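# need a structure here:
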Amino acid sequence: MELRPEPKRLELQTEAPPVRQRAMPQMPRWANWAAIALLTVAGGVLITGSDEKAAPPPEPPSVAASAETVPDQIVVQLKENTTDSQIVDLGRSVGIELRYNSEHAKAAKLMVATVNPMDRARILAALVGNPLVEAAEPQYVYHLFQFPGQTPKQAPTQPSASGAFVPNDPEYRRQWHLKMIGMEEAWAKSKGKGAIVAIIDSGAGGMTQNGWVQAQDFNQTSFVKGYDFADKRDAAPDDNGHGTHVMGTIAESTDNGLLGAGIAPEAQIMPLRVADAKGRLNMSDVADALHYAADHNANVANMSLGGSAPSQVMEKAMQYAYNKKVTLICAAGNEGREGVGYPGKFKECIAVSAVGPGGMFASYSTWGKEVDIAGPGGEPKMGLNGQVWQNTIMQRQGWFGPSGPRVDSFFPLVGTSMATPHVTGVAALLVSMGMTDPKEIRAQLRKSAKKYAPADHYGAGILDAAEATKIAQRSNKTSSNQLWLLLAAGAVLFFAAKNMQRKSDPMFFVHQIAIALAVGLFFPIVLEHIVGFGSWWNLLGHSVILSVLYFTSAQVDRTGFWRACAFTVGIVIHLLLDASSGHAPFQVLPQDRILFWMYANAAVGIYFAGTAYLSRREQAAVAV
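Next up, the predicted model:
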């Protein structure tokens, strides 16, 4: 048998097919431009509606020159690192003796001095030029903003509105002002527990032979240690009646079957006396009280007082308290004309104008562009039915003014002084519900207000406690949902970091998508904690512009595409949660502008993620 060699097989050498690089699906050009235009318009609408309060422009010298002062006193604000020996030398150099405004003024270096009135201008000029001095000015005199009420003869009657909580206090029927702002619904959500409110006023309660006593309807109200800056003593008795009345609006004991009700009865009160029996007060005492409130953990400070003097010392004290998270609420004034006084004019303060029953602007109330919000202050032209009723200690009104013994009873007063504590009380409710940033509290009060015009009279509108607490409650619920999402995202991140060893891991892709989703959801929260509430940088966190730019970019791989989709979905979820809760970490008015911004971004994000997904499916089908 002949063996023949097996013929060789011819093999065709073929190259492996190239791996197809999938390009990022491109949206139609018109869609890209339309989305970017929508975001641009939404951003423009939002920014033009900025709700930040501007600093007041410099006042002409004539304003300070005409302001009421104590002729033989000056106030000096020294730098914090000034030593006692430097203080002595500074005083000797200009021929005065500098002393601390009170025992609590040492840390703030707030000094006062007695001077010859004829030599006051020279001394102030010499001090202003000294490198140790931050501010030196006359001792300006401010006043409490009030009108005396009428002597009650017969109680007006009003039916109680049906609501979630109606107190059993017998005089509550007089308090139209509490019903007007929706307190029956607000009390069901909060009564102010946990908030500390400083009342910078004429004091609280009264003095007897046995010492300081509170008015009768504060038997369940909690107090923290205050101070009498007017007479430099620990007890802060009220020999005017104004401060106790203000305190009653904020925290009179409620649902105890005695007299009337207060807005935040479970808040703690810090009485800081600065005014005398006639309602006069020195500016240095107000500045000192602001430092005290800030250093003793006050959350809110009520200042139903003011004057025309643009004090630098006062402004620095306001800034100090504001930076320590004290929400400052001030009366606009009772001049019945345009021109908000100080400290209400300062940007750190929420300035309050007054309205009477029915929302009509009060005849006495000052107005101006610095007004933030209006509150019920009463209308004297309407008699007893139009006044603000609270428990206080005061003399009854006679033909020639207050006369007779001081009486602890239920009295009416009217003024922006009475409107201001309504706003302060609601701010205390918001503090008890978790809001501590003064910017956020101001934004919440303004955006929940009942809209009235014009803005220079009503600000954002009339205070609405029911709506403010409802939005805060909804925001807290959303925050709780976000917390659970955060915990879930944290678990995903931990699991992913622990198990995502190699790209060949089948779950590598899933882990990356989960991480991108979590980052998109919590990017706005992290940014807010970095830049703070009210910063316009928060617009970046509440925008899908990063996703839009990514989707319209050049080639990206498959994993990058899905990461971008997941990040976008996370941003959209956050936007919709914030929209439903009424919370957004930037200030703008009206609220409709915020919603327009959020919904525009959510729509663009959903559009790009959805159409990109459909485009990728079409590409995959064509490839097959």
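# neighbouring contacts of stretch 91-108?
Residues outside stretch 91-108 that contact it (C-beta atoms under 8 Å, 6 or more residues apart in numbering): 74-77, 80, 87-88, 90, 110-115, 119, 123, 126-127, 130, 227, 229, 232, 284-285, 287-288, 291-292, 295, 317, 320. Just so you know, the C-beta spots here come from the backbone N, C-alpha and C atoms, and that holds for glycine as well.
# tell me the domain boundaries of the chain?
Dividing the chain into domains by automatic domain parsing, as the record does, gives the ranges 29-51+474-623, 65-139, 147-459.
# For Ala204, what is the enclosing helix or strand?
Here Ala204 is covered by no helix or strand, with elements defined by DSSP states H and E.
# Which residue is the nearest non-sequential neighbour of it?
Computed as C-beta to C-beta, 6 or more residues apart in numbering, the closest residue to Ala204 that is not its neighbour in sequence is Pro271, at 3.7 Å.
# what's the pLDDT at the one you found?
Reading off the confidence values, Pro271 has pLDDT 95.
# Tell me what it is bridged to.
Ile199 (DSSP bridges).
# got a list of what it touches?
When contacts are counted by C-beta under 8 Å, 6+ apart, Pro271 is found next to 199, 201, 203-205, 223, 226, 236, 238, 243, 247.
# cool, Gly356 as well?
With contacts defined as C-beta under 8 Å, 6+ apart, Gly356 is in contact with 362, 376-379, 381-382, 386.
# can you rerun that using 6 Å?
For Gly356, the residues meeting the contact criterion (C-beta atoms under 6 Å, 6 or more residues apart in numbering) are 362, 378-379, 386.
# can you pull out the helices in the stretch 501-624 of the chain?
Secondary structure of the stretch 501-624 of the chain (DSSP state H, counting those that start in this stretch): helices at 508-531, 538-541, 545-551, 558-581, 591-623.
# Tabulate the contacts of Pro271 (JSON lines), appending pLDDT.
Rendered in JSON lines, the data for the contacts of Pro271 read as follows (pLDDT from 0 to 100):
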{"residue": "Ile199", "pLDDT": "97"}
{"residue": "Asp201", "pLDDT": "95"}
{"residue": "Gly203", "pLDDT": "90"}
{"residue": "Ala204", "pLDDT": "88"}
{"residue": "Gly205", "pLDDT": "82"}
{"residue": "Phe223", "pLDDT": "93"}
{"residue": "Gly226", "pLDDT": "93"}
{"residue": "Ala236", "pLDDT": "84"}
{"residue": "Asp238", "pLDDT": "89"}
{"residue": "Gly243", "pLDDT": "94"}
{"residue": "Met247", "pLDDT": "96"}
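# Which two of those residues have the greatest separation?
The widest separation within the contacts of Pro271, taken as C-beta to C-beta, falls between Asp201 and Phe223 and amounts to 14.1 Å.
# State the phi and psi torsions of Lys470.
Main-chain dihedrals, Lys470, degrees, to the nearest 10: phi -70, psi -50.
# Now do it against Ala584, distance only.
Plainly put, Lys470 is 16 Å away from Ala584 if you go by C-beta to C-beta, to the nearest Å.
# For those two, indicate the residue with more neighbours.
For Lys470 and Ala584, the more surrounded residue by other C-beta atoms under 10 Å is Ala584, and the numbers stand at 26 against 18.
# about what we covered before: now, of the contacts of Pro271, which are buried?
Taking 16 or more other C-beta atoms under 10 Å as the criterion, what is buried in those is 199, 201, 203-205, 223, 226, 236, 238, 243, 247.
# any weak-confidence spans in the stretch 151-300 of the chain?
Within the stretch 151-300 of the chain, the stretches with pLDDT under 70 are 151-164, 206-212.
# Where do the helices of it begin and end?
Ranges of helices in the stretch 151-300 of the chain, per DSSP H, counting those that start in this stretch, are 176-180, 183-186, 242-251, 283-295.
# and among the domains of the chain, the most buried is which?
Across the domains of the chain, averaging neighbours per residue (mean count of other C-beta atoms under 10 Å) puts domain 147-459 on top, at a mean of 22.
# give me the element the closest residue to Cys330 other than its chain neighbours is part of.
Taking C-beta to C-beta, 6+ apart as the measure, Cys330 lies nearest to Gly344, with 3.8 Å between them; neighbours along the chain are not counted. Gly344 belongs to no helix or strand when elements are defined using DSSP H and E.
# I figured Gly344 hits Ala332, correct?
Yes. Under the criterion of C-beta atoms under 6 Å, Gly344 lies in contact with Ala332, with a separation of 5.2 Å.
# Mutual contacts of the two, please.
Taking C-beta under 6 Å, 6+ apart as the contact criterion, the residues that touch both Gly344 and Ala332 are Ala351.
# Just the residues contacting the lengthiest strand in the chain, thanks.
The strand spanning the most residues in the chain, taking DSSP state E as the definition, is strand 401-414. By C-beta under 6 Å, 6+ apart, the surrounding residues in contact with strand 401-414 are 146-147, 149, 171, 215-216, 245, 259, 378, 380, 387-389, 391-396.
# Likewise for stretch 428-447?
Where contact means C-beta under 6 Å, 6+ apart, the residues beyond stretch 428-447 that reach it are 190, 192-195, 197, 264, 267, 299-300, 322, 325, 327, 350, 373, 427, 460, 468-469, 472, 476, 533-534, 587, 589, 591.
# Ok, stretch 135-151 next?
Stretch 135-151 is contacted by residues 67-70, 73, 75-77, 124, 127-128, 242, 275, 279-283, 304-307, 309, 311-313, 331, 334, 380, 387, 396-397, 411-417 when judged by C-beta under 6 Å, 6+ apart.
# rewinding a little: export the domains of the chain to TSV and tack on distance to Pro57?
As requested, those are arranged in TSV below (distance: least, C-beta to C-beta, whole Å):
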stretch	distance to Pro57
domain 29-51+474-623	18
domain 65-139	17
domain 147-459	10
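# do you know which of those domains lies nearest Pro58?
Evaluated with C-beta to C-beta, these place domain 147-459 nearest to Pro58, the distance being 7.7 Å.
# Spit out the contact partners of Thr420.
Counting by C-beta under 6 Å, 6+ apart, the residues that Thr420 touches are 304, 329, 331, 352.
# try 8 Å
Listed by C-beta under 8 Å, 6+ apart, the contact set of Thr420 reads 145, 246, 302-304, 329-331, 352, 375, 377.
# now, the most widely separated pair of these?
Checked with C-beta to C-beta, the contacts of Thr420 reach their widest spread between Met303 and Gly377, with 14.6 Å between them.
# Name the spans of the chain whose pLDDT lies under the cut-off.
Ranges of the chain meeting pLDDT under 70: 1-32, 147-164, 206-212, 396-404, 476-509, 511, 551-559, 589-590, 612-624.
# Quick check: phi and psi on the closest residue to Ser308 other than its chain neighbours?
Spatial nearest neighbour of Ser308, excluding adjacent residues (C-beta to C-beta, 6+ apart): Ala67 at 5.1 Å. In terms of degrees, to the nearest 10, the main-chain angles of Ala67 are phi -70, psi 150.
# Can you tell me how far Ala67 is from His574?
Relative to His574, Ala67 is positioned 50 Å away (criterion: C-beta to C-beta).
# Over to Pro421?
Separation of Pro421 from His574 (C-beta to C-beta): 37 Å.
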